[in-house]
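Visitor: Build me a model:
(4 chains)
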Number of protein chains: 2
Amino acid sequence: MTTEPRREQLLNAADRVVQREGPSASMNAIAAEAGITKPILYRHFGDRNGLIGALTERHTAGLLAAVRSALNEPLERRDRVEHVLDVYLAAIESRPQVYRLLTHPEPGDPTGAGNALAPALRQIAEEITRAIQQQIDLGQDGPLLSETWGRSITGMVLAAGDWWLETRPCPRARMVQALADLLWGRLSAAADLPPMLAAPEV
Amino acid sequence: MTTEPRREQLLNAADRVVQREGPSASMNAIAAEAGITKPILYRHFGDRNGLIGALTERHTAGLLAAVRSALNEPLERRDRVEHVLDVYLAAIESRPQVYRLLTHPEPGDPTGAGNALAPALRQIAEEITRAIQQQIDLGQDGPLLSETWGRSITGMVLAAGDWWLETRPCPRARMVQALADLLWGRLSAAADLPPMLAAPEV
DNA sequence: ACTGTGCTGTTACCTCCGGTAACATGGCGG
DNA sequence: CCGCCATGTTACCGGAGGTAACAGCACAGT
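Guide: Residues are numbered from 1 along each chain as shown, chains lettered A, B, ... in the order given. I've put the predicted structure just below:
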């Protein structure tokens, strides 16, 4: 009963084919990779969402634990935030396909049809919310702000991380700085630029 | 040649059925709504992505123009940012289904397979980048920061907006404040809370 | 008046997907 | 020896996106 070895084998096969073909891999492909046929997969996982869910749960644990631990590191606040950002970026950098599975749930999901955030990201958002709530004094607006910010920061880092992975505009450390600077209000602190009155010629 | 009226009719039908059934509406359903059959749709739009693309382009224009104009409003920086946030939230509030279509491109898209941001959002991100670049003095890091922040802010507002639409935790104006506060570095400015040594026992 | 051209529309089909029903094995405890 | 249960199979269903081939119809040009 400890971990149901057959299930693990099937998940390993699914993992391989997802790494190779991306999250839209078909059930047939996964079954073939496992050397069997579809109905067995359905017996073990119910439906496709069950399989993908089991697959993501596997990887979510690690990412979530890493982020959570980073959120509780005993550092100055800025350093802690940078540490969290670095942990996330390092994670998605090390295994892009896996992270893509976690962060971009492809299929038409009838359950909660409009979620921007995949389950793994929702958990991260909740973790951030919790950390804000118990580490930072935001007065009576605390609950609303921390919830909003948890989602916001998650979405922000998701989008930024995707873009960074695609285009690699700078090393990771610099990206961490750029994101932390944004959260630290550098957007509001910087000086104005004189308005462009007309497009300069040439 | 001016606007190809037949195409417009078909897009109107597609619009109706998407409003009703969400972005995963089938080609058959759209054809039926238009009172015709599938091959005509394919003659006009090539494939499903073509149809959805044409449909989104229609609505993207409005949203993009609204955001762009808000970004160039002659206000104090904080007020300008709040204005942009309010414009976006008001837009997604007024027609959620349409904006779900714009912001969450459901299908397995082989083109640029990992984008967190739909085309409409990519354009918004670029708009924000441009605004930052020509309004704010960020020194030599300007280009990198503005690009990063453009994507980041877009992702942040996307995630926050989705969550807000789903759960409606507060009126729009308050949400605008919460997001602007985050961008203004309130996360870094707030006081520490004393560390919880152990879970209180009630 | 005839014919070509181009758009409108149809029916019928293909492939592939997620998912299921029904049946065939093989090991293992009573 | 007998169930029992998990393993595996083939064959199918409904519905998705997409295509081929054919049928009207309207309007130009000769």
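Visitor: secondary structure element for A:Gln177?
Guide: helix A:172-183 (DSSP states H and E).
Visitor: so what does the helix with the most length in chain A touch, helix or strand wise?
Guide: Taking DSSP state H as the criterion, chain A has its longest helix at helix A:142-167. In terms of contacts (3 or more C-beta pairs under 8 Å, 6 or more residues apart in numbering or on different chains; DSSP states H and E), helix A:142-167 is packed against helix A:77-94, helix A:96-103, helix A:119-135, helix A:172-183, helix B:142-167, helix B:172-183. (Each C-beta comes from the backbone N, C-alpha and C, glycine too.)
Visitor: when you scan the helix or strand of chain A with the lowest mean pLDDT, is anything in it near chain B?
Guide: Taking mean pLDDT, DSSP states H and E as the measure, the helix or strand of chain A with the lowest value is strand A:191-192, at a mean of 78. Yes. Using C-beta under 8 Å from any C-beta of the partner chain, we find that strand A:191-192 touches chain B at A:191-192.
Visitor: quick one on the thing from earlier: please name whichever of the helices and strands packed on helix A:142-167 is nearest to DNA strand C.
Guide: Smallest distance to DNA strand C across these (C-beta to the nearest atom of the strand): 13.6 Å, for helix A:96-103.
Visitor: Give me the angle between that closest one and helix A:77-94.
Guide: 110 degrees (axes from the mean of the first three to the mean of the last three C-alpha atoms, to 10 degrees).
Visitor: avg pLDDT for helix A:96-103?
Guide: Averaging pLDDT along helix A:96-103 gives 82.
Visitor: is chain B contacted by it?
Guide: Yes. Residues of helix A:96-103 are located near chain B by C-beta under 8 Å from any C-beta, namely A:96, A:100, A:103.
Visitor: Tell me the one of those nearest DNA strand D?
Guide: A:Arg100 (22.0 Å).
Visitor: if I read this right, A:Val81 contacts A:Asp181, doesn't it?
Guide: No. Using C-beta atoms under 8 Å, A:Val81 makes no contact with A:Asp181, being 10.5 Å away.
Visitor: And A:Val17, how close does it get to A:Leu55?
Guide: Look at A:Val17 and A:Leu55: by C-beta to C-beta, to the nearest Å, they are 10 Å apart.
Visitor: ok, now A:Arg172?
Guide: In terms of C-beta to C-beta, A:Arg172 sits 26 Å off from A:Leu55.
Visitor: So which of those two has more stuff around it?
Guide: For A:Arg172 versus A:Leu55, neighbours defined as other C-beta atoms under 10 Å in any protein chain shown are more numerous around A:Leu55 (22 against 14).
Visitor: Which residues are in contact with the more buried one?
Guide: A:11, A:14-15, A:18, A:101 (C-beta atoms under 8 Å, 6 or more residues apart in numbering or on different chains).
Visitor: host element of it?
Guide: Short version: A:Leu55 belongs to helix A:48-71, going by DSSP H and E.
Visitor: hang on, the earlier thing: next secondary structure element downstream of the helix holding A:Gln177?
Guide: helix A:186-189.
Visitor: Figure out how far that following helix is from the centre of its chain.
Guide: Its chain's average C-alpha position is 26 Å from that of helix A:186-189, according to C-alpha atoms, centre = their mean, to the nearest Å.
Visitor: ok, and for it, which residues are buried?
Guide: Buried residues in helix A:186-189, counted by 16 or more other C-beta atoms under 10 Å in any protein chain shown: A:186-187.
Visitor: Can you point out the buried residues in stretch A:15-29?
Guide: So stretch A:15-29, judged by 16+ other C-beta under 10 Å, has buried residues A:15, A:17-18, A:22-23, A:25, A:27, A:29.
Visitor: Run the contact check for it versus DNA strand D.
Guide: No. Stretch A:15-29 lies out of reach of DNA strand D by C-beta under 7 Å from any atom of the strand, never closer than 9.4 Å.
Visitor: quick one: that stretch to chain centroid distance?
Guide: That offset, for stretch A:15-29, works out to 19 Å (C-alpha atoms, centre = their mean).
Visitor: does DNA strand C sit close to that stretch?
Guide: Yes. Judged by C-beta under 7 Å from any atom of the strand, stretch A:15-29 comes into contact with DNA strand C at A:26-29.
Visitor: can you tell me the distance between the two ends of that stretch?
Guide: 11 Å (C-alpha to C-alpha, to the nearest Å).
Visitor: Check which helices and strands the strand or helix carrying A:Leu10 is in contact with.
Guide: Assigning secondary structure by DSSP H and E places A:Leu10 in helix A:5-21. Secondary-structure packing of helix A:5-21 (3+ C-beta pairs under 8 Å, 6+ apart): helix A:27-33, helix A:38-45, helix A:48-71, helix A:96-103.
Visitor: Mean confidence (pLDDT) on that helix, please.
Guide: Per-residue scores along helix A:5-21 average to 89.
Visitor: Residues contacting that helix, please?
Guide: Residues contacting helix A:5-21 (C-beta under 8 Å, 6+ apart): A:25, A:29-30, A:33-35, A:40-41, A:44-45, A:51, A:54-55, A:58, A:97-98, A:101.
Visitor: and it, how far from the chain's centre?
Guide: Distance, centroid of helix A:5-21 to centroid of chain: 21 Å (C-alpha atoms, centre = their mean).
Visitor: got the angle between it and helix A:96-103?
Guide: Using the same axes, to 10 degrees: helix A:5-21 against helix A:96-103 is 110 degrees.
Visitor: Between the buried residues of stretch A:15-29, which sits nearest DNA strand C?
Guide: Looking across these and measuring by C-beta to the nearest atom of the strand, the closest to DNA strand C is A:Met27, at 3.6 Å.
Visitor: Now the closest one: closest residue in space, sequence neighbours ignored.
Guide: Spatial nearest neighbour of A:Met27, chain neighbours left out: A:Lys38 (5.5 Å); criterion: C-beta to C-beta, 6 or more residues apart in numbering or on different chains.
Visitor: still on that earlier bit, name the residues of the longest helix of chain A that come out as buried.
Guide: Those would be A:142, A:144-165, for helix A:142-167 by 16+ other C-beta under 10 Å.
Visitor: Thank you, goodbye.
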